[in-house]
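> okay, sequence plus prediction incoming.
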Amino acid sequence: MKNLGEAELEIMQVIWEAGTPVTSNYILKALQGSRKWQLSTLMTSLSRLSTKGFVSCDRSTGNNLYTSIISEDEYKTKESKHFLEKLYHNSIQNMVTTLYSNKAIRDSDIEELRKFLDTFEDEPK
């Protein structure tokens, strides 16, 4: 799976959030607040996303309908693993230590994480 650029990720987030096939006009309207794009710019990005294997386009209805091929969870999992491997040598402990020691996360975040991890210990194996 290839990486997404920032603009491509924004497009994919619109498609994922919709949950159903969407038109390019739907995407363009959803991105209005963050991107000042012309339709041609969006179409170029959608073409790249199709080439990368992230979206498919159904042209059978008269309107081009775009659907995600890669789910949001699949992409997040892949990117999270890559991030953890690249920056923290695959150590969640190193990541949390760095964030905590640099005040990027608070004590309340650590407590929330502790409670979350406790739920895993309570589950039968």
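In hand now; what should we look at?

> what about the protein, any weak spots by pLDDT?
When residues are selected by pLDDT under 70, those of the chain lie in 125.

> can you give me the strands for it?
Under the criterion DSSP state E, the chain contains strands at 55-58, 65-68.

> show me where this structure has its helices.
With helices called from DSSP state H, the chain shows them at 6-18, 24-30, 39-51, 72-88, 92-101, 107-122.

> closest one to Asn64 among these?
Proximity to Asn64, assessed across the helices of the chain by CB to CB, is greatest for helix 24-30 (6.1 Å). Just so you know, the C-beta spots here come from the backbone N, C-alpha and C atoms, and that holds for glycine as well.

> put the alpha carbons of that closest one into CSV.
What follows is helix 24-30, C-alpha atoms only, in CSV (Å, rounded to 0.1, in the frame of the first residue of the first chain):
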residue,chain,number,x,y,z
SER,A,24,-16.5,14.6,-7.4
ASN,A,25,-18.8,17.5,-6.8
TYR,A,26,-19.7,16.0,-3.3
ILE,A,27,-16.0,15.8,-2.5
LEU,A,28,-15.2,19.3,-3.8
LYS,A,29,-18.0,20.8,-1.7
ALA,A,30,-16.8,18.9,1.4
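
> figure out how far that helix is from the centre of its chain.
In terms of CA atoms, centre = their mean, to the nearest Å, the centre of helix 24-30 is set 18 Å apart from its chain centre.

> in that helix, what counts as buried?
Ser24, Tyr26, Ile27, Leu28, Ala30 (16 or more other CB atoms under 10 Å).

> picking up where we left off before, and the strands of the chain, which is most packed in?
Among these, ranked by average contacts under mean count of other CB atoms under 10 Å, first place goes to strand 65-68 (a mean of 19).

> tell me what that one is packed against?
Here strand 65-68 touches helix 6-18, strand 55-58, going by 3 or more CB pairs under 8 Å, 6 or more residues apart in numbering; DSSP states H and E.

> who wins for proximity to Asp107 among the ones you listed?
Comparison of those against Asp107 by CB to CB identifies helix 6-18 as nearest, at 30.7 Å.

> which strands or helices does that closest one pack on?
Counting contacts by 3+ CB pairs under 8 Å, 6+ apart, helix 6-18 is packed against helix 24-30, helix 39-51, strand 65-68, helix 72-88.
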